[in-house]
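Peer 1: pasting the structure only:
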């Protein structure tokens with residue numbers, strides 16, 4: 001409404017996180033956490049609640065060696081997939097809060113409590129936020145022979161055949177699922193949502209012509225577009241991405257239609273503040289490392305590195321936005 005500011009949107013939250021990361025990263029200097037000050041002994045278990053090979057797992061492995069060097073302790077990436085990410089999260093929540101167990105999670109951290117019943121943990125109280133680590137742009141793409149040449153054409157196609165245009169995404173309750181739901185709300189269309197175990201699988205079916213469209217991480221589908229096996233229509237980020245600067249955003253057509261995937265680092269609730277701050281500072285140091293930045297860029301991930309307090313605010317605002325979207329889109333998974 002013109003007489004009051006617009007409500008908070010996923011785009012607002014992502015912009016704040018990026019600005020926070022930009023302000024914080026220069027403060028982290030190499031050697032900030034010497035090995036002699038590292039807490040504990042033995043290895044640190046970094047739980048990834050998804051299968052190996054995905055964007056979250058790859059992000060963890062891109063950073064683990066450097067983070068290990070800064071903290072002075074080995075880091076073991078442990079994949080505990082299943083339950084939409086809740087099985088691995090529960091394993092992390094049940095660990096002793098001694099700094100020896102960390103969790104690298106995604107937006108499912110906020111969405112699972114809204115759509116899944118019988119969860120083995122309470123996400124709101126089970127963890128201490130450490131830092132948002134990255135954000136990952138999402139993209140809408142169609143198969144190569146689709147009549148949709150741009151976003152307007154795609155929306156027209158969907159309106160002409162409600163519920164018949166298939167759109168694959170990386171799985172229920174993922175950021176891609178929410179981005180698809182958000183576009184459907186804003187554009188007034190109904191797609192045939194088709195969940196996959198990951199964006200790579202959905203993209204392969206798009207290339208084969210099995211799917212009409214996909215909503216996946218940009219890096220999952222960009223190679224197909226470059227080879228002519230798919231067509232990029234838009235990105236869901238609040239602004240155009242340097243990875244594909246010629247691809248418009250959804251918000252250029254439908255204002256406030258923006259939602260990125262993200263990764264964030266957590267510790268079990270009750271982990272002492274000095275340990276949390278030590279890991280956050282080490283992470284900020286690592287996110288300045290050129291090798292890590294290069295590996296993250298290959299995954300289409302942009303570094304953030306926020307403080308525990310800023311990450312906690314990010315999560316709280318994200319919960320409000322996710323709850324509103326889940327309610328309006330009537331997302332129910334059981």
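Peer 2: Yep, that arrived. Computed from a predicted structure; not experimentally measured. Numbers count the residues shown, from 1 in each chain.
Peer 1: contacts and neighbour counts: CA atoms only from here.
Peer 2: Noted.
Peer 1: What is the distance between the longest helix along the chain and the centre of its chain?
Peer 2: Longest helix in the chain, counting residues (DSSP state H): helix 308-329. Between the centre of helix 308-329 and the centre of its chain there are 13 Å (Cα atoms, centre = their mean, to the nearest Å).
Peer 1: now do stretch 121-135
Peer 2: 13 Å.
Peer 1: For it, buried residues please.
Peer 2: Buried residues in stretch 121-135, defined by neighbour count with 16 or more other Cα atoms under 10 Å: 121, 123, 126-135.
Peer 1: Show me the helices in the stretch 101-250 of the chain, by range?
Peer 2: Listed in chain order, the helices of the stretch 101-250 of the chain (DSSP state H, counting those that start in this stretch) span 108-115, 123-126, 151-160, 175-187, 199-208, 218-226.
Peer 1: Present those as TSV; the columns should include distance to residue 246.
Peer 2: TSV is the format used below for the helices of the stretch 101-250 of the chain (distance: least, Cα to Cα, whole Å):
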stretch	distance to residue 246
helix 108-115	30
helix 123-126	38
helix 151-160	13
helix 175-187	20
helix 199-208	20
helix 218-226	12
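Peer 1: wait, which of the ones you listed is closest to residue 240?
Peer 2: Residue 240 lies closest, by Cα to Cα, to one member of these: helix 218-226, at 11.7 Å.
Peer 1: roughly how far apart are residue 303 and residue 331?
Peer 2: Look at residue 303 and residue 331: by Cα to Cα, to the nearest Å, they are 30 Å apart.
Peer 1: Of the two, which one has the most company?
Peer 2: For the pair residue 303 and residue 331, the greater number of neighbours falls to residue 303 (25 against 16), based on other Cα atoms under 10 Å.
Peer 1: Show the model's pLDDT score for that one.
Peer 2: On pLDDT, residue 303 comes in at 95.
Peer 1: Any idea what the residue lying closest to it once chain neighbours are set aside is bridged to?
Peer 2: Setting aside the residues directly before and after it, residue 303 is nearest to residue 134 in space (Cα to Cα, 6 or more residues apart in numbering), at 4.5 Å. With DSSP bridges as the criterion, residue 134 is bridged to residue 263, residue 303.
Peer 1: residues touching residue 134, list them.
Peer 2: By Cα atoms under 8 Å, 6 or more residues apart in numbering, the contact set of residue 134 is 262-264, 301-305.
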